[in-house]
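Trainee: generate a structure from the sequence data that follows.
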Amino acid sequence: MNKFIIAVVIVVFVVLGGYFLWMNIYQPTSLVYQPSNEQTDSQLPILVQPEDKINPQPSIEKVPTYVNGNIITYTDAGYSPNTIGILTGRIVTFKNQSSKPMWPASAMHPSHRLYDGTSLDEHCPDTDNSAFDACTGILPGESWSFKFDKTGNWKYHDHLNPSNYGTIVVTLPTKSLPW
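Mentor: Predicted coordinates:
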């Protein structure tokens, strides 16, 4: 009887832990508009998390920002910026300026299931560009683009070097934003 109770308690903890982990991965980040004093060519705003939402612990990822043309550059040091915010329906271009091929793809490595729920084997080759997965190495000097139609925090990585990763925060337009 004691073994049964212990087993039930362990199962409850595993289920609760999985639930909280799942909710944390798929819960969109709350963003607010903060105007920038710096003038840019595209006049795109900078988005930051409200102070009460910022994690006080050190973090590798940066606060999501809008970048000129939604371009993420891949260098020998990794993705830059590695975290950006965009609106649904926008395209992000990954430019390879490194000395080796890159392969941007949805998390989790190696399956790439996070964005569309299909595995690498199921969606590659991606002839209609519907999977957040380049499905092949992108050579230095080349680029690959993807249109994000789903809201959420979409983690990505370089399939050829999984230690390089980032997040694309996709949100719906709201009246509080100027576009």
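Trainee: how much space between the nearest residue to Arg90 once chain neighbours are set aside and Phe132?
Mentor: Nearest residue to Arg90, sequence neighbours excluded (C-beta to C-beta, 6 or more residues apart in numbering): Asn70, at 5.8 Å. (C-beta placed from N, C-alpha, C; glycine too.) As judged by C-beta to C-beta, to the nearest Å, Asn70 and Phe132 stand 14 Å apart.
Trainee: remind me which helix or strand Val14 belongs to.
Mentor: helix 2-26 (DSSP states H and E).
Trainee: would you list every one of the helices in the protein?
Mentor: Listed in chain order, the helices of the chain (DSSP state H) span 2-26, 120-123.
Trainee: quick one: low-confidence parts of the chain?
Mentor: Scanning the chain for pLDDT under 70 picks out 16-69, 108-123, 125-130, 175-179.
Trainee: mind naming the longest strand for it?
Mentor: Among the segments of the chain that qualify as a strand by DSSP state E, the longest is strand 161-171.
Trainee: list the buried residues for that one?
Mentor: Applying a neighbour-count criterion of 16 or more other C-beta atoms under 10 Å, one finds Asn161, Asn164, Tyr165, Gly166, Thr167, Ile168, Val169, Val170, Thr171 buried in strand 161-171.
Trainee: distance of the closest residue to the fourth one other than its chain neighbours from Phe148?
Mentor: Nearest in space to Gly166, with sequence neighbours left out and distances taken as C-beta to C-beta, 6+ apart, is Asn82 at 3.2 Å. The spacing between Asn82 and Phe148, counted by C-beta to C-beta, is 16 Å.
Trainee: and the two? Which one has more around it.
Mentor: Between Asn82 and Phe148, Phe148 has the larger neighbour count (other C-beta atoms under 10 Å), namely 20 against 17.
Trainee: show me the beta-bridge partners of the nearest residue to that one once chain neighbours are set aside.
Mentor: Closest residue in space to Phe148, ignoring its immediate chain neighbours: Val170 at 4.6 Å, by C-beta to C-beta, 6+ apart. Beta-bridge partners recorded for Val170 (DSSP bridges): Ile86, Gly152.
Trainee: also Tyr74?
Mentor: Counting by DSSP bridges, the residues bridging with Tyr74 are Tyr79, Asn96.
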